[in-house]
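>>> Fold the following.
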Amino acid sequence: MKLLLEELRDSEEPQAALLELLRDTINAEQEHIYKAIASLVYRTGDSLETQLSERLDLLDTFIQNQGDVEEVQRPQEILNELNSLIHLPLKLTNNQLRTLADDAYELEDDLREMIEIQLTKINLTRMIGAIEYRLEQPLSLNNNELAEMEWSEVEKEVLDAADQALETRLEALAGENGQLARDLESALKREPVKIWNDTANARLLLGLAQGVRSGFDARTHQQVKQVFARFQYIYLEAQSLVNREAEELIEEVMDHFNAAQDALQSAWGEAKWREGRAHATLADFGPATDILGDDLADTSPANLPDESRETLINELGRLRMTEIQRQLLLSAITEQWVEYLTKVEALRVSIGLEAYAQRDPLVQYRRQASEMFQVLMSDIRSQVVSRVFAYQPRRWNASPLGAVEAANTVSDTAQKSKPTKTKKKRKRHKKK
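Sure thing, here's the model as predicted:
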């Protein structure tokens, strides 16, 4: 977020600059999505080629072995055996079944074509389903038509369709009259921005990144509003860091971290001071008052000089931050230590087998345990660093500024309430 705020700082037209930044953000995200889709398409092509080669080899082996079978089999049994071998449900006509039983070599070309088409359809269905899930919208493609094409043509058709879908999404969100422009306009009408500072920009950036869609709860069948992420800023931020020197980036990150630590320390100190203003004396604040000396221990918080009050607030914040850092460190050590003990126990059991390989179990145990301990220390450091940067005293969620999207359609059976069951009353027979 810091990098984004720096780009918006000192802009002459803040609203236009914000919309331009949002368009760049979506462009960067879509470049990443397109690369992932292209990689999936190329991997699917390689996988299809491998699968096809394996199945055709199995088909050749099956046809060659048919001549060696002395037992007379029914045509359907032969087909079932072939389907079980190649793991595909081939379907043959009656004439093809008779040909398969009499002379399988005559049917080889047809079988090869069937295998190729079925494998292509299976891989196409999986690939397009994954792409549509990633794009969150269907592609205007016909799987049956694609299965008849060469794979190079399939790749072109799928990538063109994905590119068109991404372009449509970009214009719908960040076009001249797109959803983001309308949401920003309505947000500024509700809460006009008098001063375009980092706080205002951060609120708008976080809010516009989220949308609200209406849907139906599957359990209660009631309409609910769901908050969802429309796009991520991380891809644009990553692009801005590509050509940065590592030393410069580390220094900037540490400066930002130290500034955040100071801000948190000040905020915690102010919070603790407000909580303790009702105390009778400063001694009730605990160890933090030691920094002021014994002379002010019996002084009322209301009578404390401004300079001493600032000193006390800083100390209260420092102690609270120290406590938080200690908790983060202990939680990381505890989690990693438990996992380490589990691995060491597994190592102790497995090392016993080293004796069968004519190795000294004790030497092997010491060597591997030492390596595992070094990994433990590295994992603890990594977890502490990641949690320190992600720690928040209280989770804050930005209010989504996106307009509520149309509700999802629900089938008639889901909308209809279940009929209530009425118990039949038991009739009593009157005694005559």
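>>> Just give the nearest non-adjacent residue to Asp198, would you?
Closest residue to Asp198 apart from its sequence neighbours, by CB to CB, 6 or more residues apart in numbering: Leu5 at 4.8 Å. From N, CA and C alone the C-beta is placed, and that goes for glycine too.
>>> How is this protein partitioned into domains?
Per automatic domain parsing, the structural domains of the chain span 2-174, 179-234+399-405, 244-390.
>>> With mean pLDDT and mean neighbour count added, can I get the ones you listed in JSON lines?
JSON lines is the format used below for these (pLDDT from 0 to 100; neighbours: other CB atoms under 10 Å):
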{"stretch": "domain 2-174", "mean pLDDT": "88", "mean neighbour count": "15"}
{"stretch": "domain 179-234+399-405", "mean pLDDT": "81", "mean neighbour count": "15"}
{"stretch": "domain 244-390", "mean pLDDT": "82", "mean neighbour count": "14"}
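>>> quick revisit: tell me what the helix or strand where the residue nearest to Asp198 lies is packed against?
Under the criterion of DSSP states H and E, Leu5 resides in helix 2-8. Identification of packing neighbours for helix 2-8 by 3 or more CB pairs under 8 Å, 6 or more residues apart in numbering; DSSP states H and E yields helix 14-66, helix 198-208, helix 234-240.
>>> Name the surrounding residues that touch the shortest one.
Spelled out, it's helix 234-240. Applying CB atoms under 8 Å, 6 or more residues apart in numbering, the set of residues contacting helix 234-240 from outside is Leu3, Leu4, Leu21, Asp24, Thr25, Ala28, Glu29, Glu31, His32.
>>> Which residue comes closest to the fourth one once chain neighbours are left out?
It stands for Asp24. Closest to Asp24 by CB to CB, 6+ apart is Leu236, at 5.8 Å.
>>> and the one you found, how many neighbours?
Per other CB atoms under 10 Å, the neighbour tally for Leu236 reads 22.
>>> Now do the contacts for the nearest residue to Lys272 once chain neighbours are set aside.
Residue nearest to Lys272 in three dimensions, not counting chain neighbours: Leu316, with 4.1 Å by CB to CB, 6+ apart. Residues near Leu316 by CB under 8 Å, 6+ apart: Trp268, Gly269, Lys272, Trp273, Phe285, Ala288.
>>> check contacts around the last one.
Residues near Ala288 by CB under 8 Å, 6+ apart: Lys272, Leu312, Glu315, Leu316, Leu319.
>>> ok, those vs Phe389, which is closest?
Of all these, Leu319 has the smallest distance to Phe389: 21.5 Å, by CB to CB.
>>> Assess the claim that the closest one and Pro287 are in contact.
Yes: assessed by CB atoms under 8 Å, Leu319 is found in contact with Pro287 at 6.9 Å.
>>> and the residue nearest to Lys272, what element?
helix 306-351.
>>> Leu188 too?
helix 179-190.
>>> swap in Gln226?
Using DSSP H and E, the element containing Gln226 is strand 223-229.
>>> for Trp268, same thing?
Here Trp268 is assigned to helix 246-276, by DSSP H and E.
>>> got a list of what Gln51 touches?
Leu119, Asn123.
>>> And it, how close does it get to Ser308?
To Ser308, Gln51 is 77 Å away according to CB to CB, to the nearest Å.
>>> How about Glu113?
Applying CB to CB to Glu113 and Ser308 gives a distance of 90 Å.
>>> Now Ala17: closest residue in space that isn't a chain neighbour?
Spatial nearest neighbour of Ala17, excluding adjacent residues (CB to CB, 6+ apart): Ser11 at 3.9 Å.
>>> Any figure for the gap between that neighbour and Tyr42?
To Tyr42, Ser11 is 41 Å away according to CB to CB.
>>> Wait, a helix at Arg213?
No: counting by DSSP: H, G, I helix; E, B strand; the rest coil, Arg213 is not part of a helix but strand.
>>> is it true that it touches Val224?
No: using CB under 8 Å, Arg213 is not in contact with Val224, being 9.7 Å away.
>>> that older thread, what's the first helix or strand after the helix holding Leu316?
Helix 306-351 is succeeded, C-terminally, by helix 361-390 (DSSP H and E).
>>> list the helices and strands that following helix packs on?
Here helix 361-390 touches helix 306-351, going by 3+ CB pairs under 8 Å, 6+ apart.
>>> chain center to the helix it packs on, what's the gap?
Chain-centre distance of helix 306-351: 27 Å, with CA atoms, centre = their mean, to the nearest Å.
>>> what do you get for stretch 231-242?
On CA atoms, centre = their mean, the centre of stretch 231-242 falls 16 Å from the chain's centre.
>>> Kindly report the same for stretch 269-287.
For stretch 269-287 - counting by CA atoms, centre = their mean - the centre lies 43 Å from the chain centre.
>>> for stretch 105-113, same thing?
The answer for stretch 105-113 is 45 Å, by CA atoms, centre = their mean.
>>> Kindly export it (C-alpha atoms) in CSV.
This file holds the C-alpha atoms of stretch 105-113, laid out as CSV (Å, rounded to 0.1, in the frame of the first residue of the first chain):
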residue,chain,number,x,y,z
TYR,A,105,-6.0,-54.8,-37.3
GLU,A,106,-8.8,-53.7,-39.6
LEU,A,107,-10.2,-51.5,-36.8
GLU,A,108,-6.9,-50.1,-35.6
ASP,A,109,-7.3,-46.7,-37.4
ASP,A,110,-10.8,-46.2,-36.1
LEU,A,111,-9.7,-47.1,-32.5
ARG,A,112,-6.8,-44.7,-32.7
GLU,A,113,-9.1,-41.9,-33.8
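>>> what sits up against it?
Leu56, Leu59, Ile63, Leu82, Leu90, Leu92, Gln96, Thr99, Leu100.
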